[in-house]
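> when you get a sec, could you give me coordinates for this:
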Amino acid sequence: MLKKSLREIIFASLERNGYCTEEAQRLFLLEMQAIKFFQFENVIPSCMELENIERDEKAISYYWNSRSVQAECPKCHRISRRERKDYQSKPIQDMASDGRAVYHEVRLKRYCCDNPDCETKIFVERFYEFTEEKARKTLRFINRCKDLAAASGNLPAERELRSEGSVVCDDTISKYVKAVAAKVIKANLSQDNVKVLSVDDFNTRKGDKSSGCTVFIDQETHKVLIIVKGTTKEVVQGVIEKFPSSEFLSRDRACSLSSAGDACGKTQVSDRFHLVQNIHKAIEEALMSEMPSSIFIKDGDGWVETGQESCRKETLSVPQEDVEKRIQIAGLSAAKAEKYRNTLKMLKMSDEGFRTADIAKALGTPYNAVKELRRRAATTIQEVQDKINRRIEKYPKNSNGQGRPPADGNRKTLGANPKPACESIVEPYRDIVVEMWNAGKSHHQIHPAIAEKGFSGSKAALYQYIWKLEYEAPCVLTRKMKQKKPGSPWVDGFDKHEAQSLPELTLKKIPRNSVYRAILSEGKAARQAKTDSAGNGTSENTRRNDPGTTGHKSKKPAMAKYSPLEPEYLDLMYGKDDEQPENGAEVDNRETLKKTQVTK
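Alright, predicted model coming up:
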């Protein structure tokens, strides 16, 4: 890949225009000073001089040489002016420009420390305003990486920077972010003004208690102080001891948090969420002790008991006379009728406040049978009502109890508004049709006989004519009717008008938990309306129930060894690792294993 050097380009151009080497050198230095001033005034230290610029298709390199006369020792911080003859060079990446990566090739001096007690004898000068001690990126490039990662994440930040031309990976960006987090954690753990310490635990994987973590928050500032792995008493106690200035510990109902607070001598208070949750639980338990497991709500006009006074409470009751009518109209068997009666009696007594045991004693049935009646109440009542509705729909229209004529047709062939028989085209042949019909002939046999007399109609017209005569003049047709189907014996004694006059009974079954939630919703709406009217709106946060406090064996993640935090902070966050074998036992075991494998 061909590199273009700015020094060569400028010198060649000046020589072509008649400048000597010395003049070209002076002009080139002025050009380098101008580029440094306009492009890197607040980035590059003032003691650095720009010597050359090179560029290829992917990168731009700026070559810098240090002109410093002194440097500070990184160990004892003493100023040294004793330079060595050698130097150190390293590339430092900066923010991309024109779709190319930008590198600063910096030539740093070496100095000898003048302090005889200092461990460092020779050191390389540092420029902390330009880059960190061992970093390969400028400070402004590192800040650019952290800002993008905080806004979108490590991988999106890597894609964005690579699209600009920079060379960086998501692991490097993650390292920068963790370094910032490490500084924040150190600053939080060194605070001495935390008065109320709020503690809670959660699972990083839903439903997996082995992934439990504990979060610590400054209750007054609502600032997260630290998140540690584990939910045991020892883990929580170790963090609480880092905040000796805290007087109060705000927690939930977890036993490990309570034990840790007692061990540290903190005044423990319940957080606002659990105070409200305790109130709700107490109210719910009080209601559940009085409310049945299922609530039945009337729907329709049939649940009003006759003869009730207006001041009395309405009960879920149906008059006994209506009950017997419904049983008769629905055609219930003896067992189903008894179940229907007991269900209605159970609903009435339950609405009046009787317990299940009292209802079982009054009905003379086992306790579990009453529970089954309660569970199936809505279905039992709906099944009876459906049977009544189906019989009303199946009851034949204009039926006078004589049944249908002996033809195997369908009543729908008459139409919705049939014309009378006297207007039919078969009327002129009435005598022949009646005579042959009463003699036992069917309409298929009658049709050829009247066709010889001049009838030009179809068999369907003849069939409809016989239907009309059966309903208009049943005394004319003396032929014996077919017996009614044995599956419909209820038609003769069925009173359609009486069945339609009965109010429809339906029952809705609602679990008591739904009723309780509805009560809470109504209360919340009322409070919200009251708060809005006062001009001070509030909101409530929902949370899960009391989490488990089961801890697990703490193990640091694999990336913990690259963390910028000190070991004491890592032990606090992840827990201490298992003790390693002493006296090189682990090494010996590995050597033994290698020898065994070689022998095999």
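
> count of residues packed around the closest residue to His280 other than its chain neighbours?
Residue nearest to His280 in three dimensions, not counting chain neighbours: Leu520, with 7.0 Å by Cβ to Cβ, 6 or more residues apart in numbering. The C-beta positions use only the backbone N, C-alpha and C, and glycine is treated the same way. Neighbours of Leu520 under the rule other Cβ atoms under 10 Å: 13.

> what's the pLDDT at Leu520?
Listed pLDDT for Leu520 reads 80.

> centre of the chain to the helix or strand harbouring it, how far?
Per DSSP states H and E, Leu520 falls inside helix 512-534. Distance of helix 512-534 from its chain centroid, counting by Cα atoms, centre = their mean, to the nearest Å, is 24 Å.

> export that helix as PDB, just CAs?
These are the backbone C-alpha positions of helix 512-534, laid out as PDB (Å, rounded to 0.1, in the frame of the first residue of the first chain):
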ATOM      1  CA  ARG A 512     -63.300 -13.500  44.400                       C
ATOM      2  CA  ASN A 513     -59.800 -12.400  43.400                       C
ATOM      3  CA  SER A 514     -61.400 -10.500  40.500                       C
ATOM      4  CA  VAL A 515     -63.800  -8.900  42.800                       C
ATOM      5  CA  TYR A 516     -61.000  -7.900  45.100                       C
ATOM      6  CA  ARG A 517     -59.000  -6.400  42.200                       C
ATOM      7  CA  ALA A 518     -62.100  -4.500  41.100                       C
ATOM      8  CA  ILE A 519     -62.400  -3.100  44.600                       C
ATOM      9  CA  LEU A 520     -58.800  -2.000  44.600                       C
ATOM     10  CA  SER A 521     -59.300  -0.400  41.100                       C
ATOM     11  CA  GLU A 522     -62.300   1.500  42.300                       C
ATOM     12  CA  GLY A 523     -60.400   2.700  45.400                       C
ATOM     13  CA  LYS A 524     -57.400   3.700  43.200                       C
ATOM     14  CA  ALA A 525     -59.600   5.700  40.800                       C
ATOM     15  CA  ALA A 526     -61.300   7.400  43.800                       C
ATOM     16  CA  ARG A 527     -57.900   8.400  45.200                       C
ATOM     17  CA  GLN A 528     -56.600   9.500  41.800                       C
ATOM     18  CA  ALA A 529     -59.700  11.700  41.300                       C
ATOM     19  CA  LYS A 530     -59.200  13.200  44.800                       C
ATOM     20  CA  THR A 531     -55.500  13.800  44.100                       C
ATOM     21  CA  ASP A 532     -56.200  15.400  40.700                       C
ATOM     22  CA  SER A 533     -58.800  17.700  42.300                       C
ATOM     23  CA  ALA A 534     -56.100  18.800  44.800                       C
END
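
> what's it packed up against?
Packing contacts for helix 512-534, counted by 3 or more Cβ pairs under 8 Å, 6 or more residues apart in numbering; DSSP states H and E, involve helix 272-290, strand 294-299.

> between that helix and helix 272-290, how many degrees?
130 degrees (axes from the mean of the first three to the mean of the last three Cα atoms, to 10 degrees).

> contacts for the very next helix or strand once past helix 512-534, please.
Per DSSP H and E, helix 512-534 leads on to helix 567-574 as the next helix or strand towards the C-terminus. Contacting residues not belonging to helix 567-574 are listed as 182, 185-186, 189, 226-229, 238-239, 242, 554-557, 560, 563, 565 [Cβ atoms under 8 Å, 6 or more residues apart in numbering].

> buried residues of helix 567-574, list them for me.
Buried residues in helix 567-574, defined by neighbour count with 16 or more other Cβ atoms under 10 Å: 569-574.

> among those residues, which pair sits farthest apart?
Using Cβ to Cβ, the two most remote members of the buried residues of helix 567-574 are Tyr569 and Tyr574, lying 9.5 Å apart.

> picking that back up, so the residue nearest to His280 sits right up against Ile279, yeah?
No - in this structure, Leu520 is not within contact of Ile279 by Cβ atoms under 8 Å, at 10.7 Å.

> show the contacting residues for Leu462.
426, 433, 443, 446-447, 450.

> confidence-wise, which of the residues you listed comes last?
For those, the pLDDT minimum is His443, 83.

> which element, helix or strand, includes Glu54?
Assigned by DSSP H and E, Glu54 falls in strand 48-55.

> strand partners (parallel or antiparallel) of that strand?
Strand 48-55 pairs in its sheet with strand 4-5 (antiparallel), strand 59-66 (antiparallel), by DSSP bridges.

> looking at these, which is nearest to Glu83?
Glu83 lies closest to strand 59-66 among the strands paired with strand 48-55, at 10.1 Å (Cβ to Cβ).

> name the SS class of Lys508, please.
Under DSSP: H, G, I helix; E, B strand; the rest coil, Lys508 falls in the strand class.

> where's it relative to Asn389, distance?
Noted for Lys508: a distance of 18 Å to Asn389, by Cβ to Cβ, to the nearest Å.

> in terms of neighbours, single out the busier of these two.
Asn389 (14 against 11).

> for the more buried one, which non-adjacent residue is closest in space?
Nearest residue to Asn389, sequence neighbours excluded (Cβ to Cβ, 6+ apart): Glu504, at 8.0 Å.

> that neighbour is in contact with Val384, isn't it?
No - in this structure, Glu504 is not within contact of Val384 by Cβ under 8 Å, at 10.7 Å.

> confidence-wise, which helix or strand of the protein is lowest on average?
helix 585-599 (a mean of 44; mean pLDDT, DSSP states H and E).

> looking at the strands paired with strand 48-55, which is buried most?
Sort these by mean neighbour count, taking mean count of other Cβ atoms under 10 Å, and strand 59-66 sits at the top with a mean of 20.

> quick one: distance of stretch 509-528 to the chain centre.
22 Å.

> any idea which strand is longest in the chain?
strand 82-97 (DSSP state E).

> packing partners for that strand?
So strand 82-97, by 3+ Cβ pairs under 8 Å, 6+ apart, packs with strand 59-66, strand 100-112, helix 139-152, helix 154-164.

> per-domain residue ranges of the chain.
As assigned by automatic domain parsing, the chain contains the domains 4-136, 142-183, 301-395, 411-493.

> including distance to Phe248, could those go into a markdown table?
Formatted as a markdown table, those follow (distance: least, Cβ to Cβ, whole Å):
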| stretch | distance to Phe248 |
| --- | --- |
| domain 4-136 | 40 |
| domain 142-183 | 27 |
| domain 301-395 | 46 |
| domain 411-493 | 77 |
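
> which stretch in the ones you listed has the least confidence?
domain 411-493 (a mean of 76).

> got the contact list for stretch 96-110?
Taking Cβ under 8 Å, 6+ apart as the rule, stretch 96-110 contacts 44, 48, 55, 57-66, 68, 71, 83-84, 86-95, 122-125, 138, 161, 164-167.
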